[in-house]
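Engineer: Pasting the sequence and the predicted model now:
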Amino acid sequence: MSAITTQERIAEALLQVKAVKLQPDSPFTWASGWKSPIYCDNRVTLSYPEVRTLIKTELAEAIRREFDAPDVVAGVATGAIAQGALVADLLGLPFVYIRPVAKDHGMGNQIEGELPAGSRVLVVEDLISTGGSSLKAVDAIRRAGCSVLGMVAVYTHGFPQAEQAFAEADIRLVTLSCYDAVIRQALATGYISADDEALLKEWRKDPAAWTGKK
């Protein structure tokens, strides 16, 4: 038996703590209206010290391995605020977080924390779906006069539109795990059946039109 990969190890951890849930027979409804056999909430991992440490360590290692040394780590609100702060602490770097939009009161900030112009920023995200909200954070950082070295994320669904959006924005994305790794681990552990696997693979082909019917 081959050794488990980092992607599969993270996928296994996400499944164990129910940060990722698979329900091919009883689909979730996303805010977009899409029917989905999968739901991912990586904030759940913060409640499990071993998993939290695993993810923090692997995100930091991915940054060291894949990118030039950043000046600042930025977390995307709200899901990646805690994870980004944990990673920044491990790396000994300043941390900021990026709101979806600027506040309509107080200082009117979209970027919270001290981000000097000219900083080289590494963005931390928890989940990549279509990539829209993640890339809005990138735009905010660039408007602040800083450069973005890239982005690391815990998990991606691997949608083609997200890959295209990141390519068009000239942002390199590195993720710890992905949809395919989750499916492999779920099948290996008996979480899903072979029939479920086929249905789950169909969803990824056209998630907007998927109904969940076999």
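Structural biologist: Perfect, thanks for sending it.
Engineer: Model confidence score at residue 3, please.
Structural biologist: As predicted, residue 3 sits at a pLDDT of 64.
Engineer: Beta-bridge partners for the spatially most central residue of the chain, please?
Structural biologist: Per CA atoms, centre = their mean, the C-alpha nearest to the average position across the chain is that of residue 127, at 2.4 Å. Taking DSSP bridges, one finds residue 155 as the beta-bridge partners of residue 127.
Engineer: Return the residues in contact with it.
Structural biologist: 40, 42, 79, 153, 154, 155, 156 (CB atoms under 8 Å, 6 or more residues apart in numbering). C-beta here means a position set from N, CA and C on the backbone, and glycine is covered the same way.
Engineer: repeat that with 6 Å
Structural biologist: By CB atoms under 6 Å, 6 or more residues apart in numbering, residue 127 lies in contact with 40, 42, 155.
Engineer: most surrounded residue in those residues?
Structural biologist: residue 155 (26 neighbours; other CB atoms under 10 Å).
Engineer: What pLDDT does the model give that residue?
Structural biologist: Predicted confidence (pLDDT) for residue 155: 97.
Engineer: same check, this time on residue 196
Structural biologist: At residue 196, pLDDT is 89.
Engineer: quick check, it in a helix?
Structural biologist: Yes - with DSSP: H, G, I helix; E, B strand; the rest coil as the criterion, residue 196 is part of a helix.
Engineer: Do I have it right that it meets residue 24?
Structural biologist: Yes - with contact defined as CB atoms under 6 Å, residue 196 reaches residue 24; the gap is 4.6 Å.
Engineer: burial count for residue 109?
Structural biologist: Residue 109 - counted by other CB under 10 Å - has 12 other residues nearby.
Engineer: no no, residue 205
Structural biologist: Residues near residue 205, counting by other CB under 10 Å: 9.
Engineer: show me what contacts it?
Structural biologist: With contact set as CB under 6 Å, 6+ apart, residue 205 has no partners.
Engineer: what's the spacing between it and residue 161?
Structural biologist: Residue 205 is 13 Å from residue 161, where distance means CB to CB, to the nearest Å.
Engineer: Can you name the element that comes right after the top helix by length along the chain?
Structural biologist: The longest helix of the chain (DSSP state H) is helix 49-66. Once helix 49-66 ends, the next helix or strand along the chain (criterion: DSSP states H and E) is strand 72-76.
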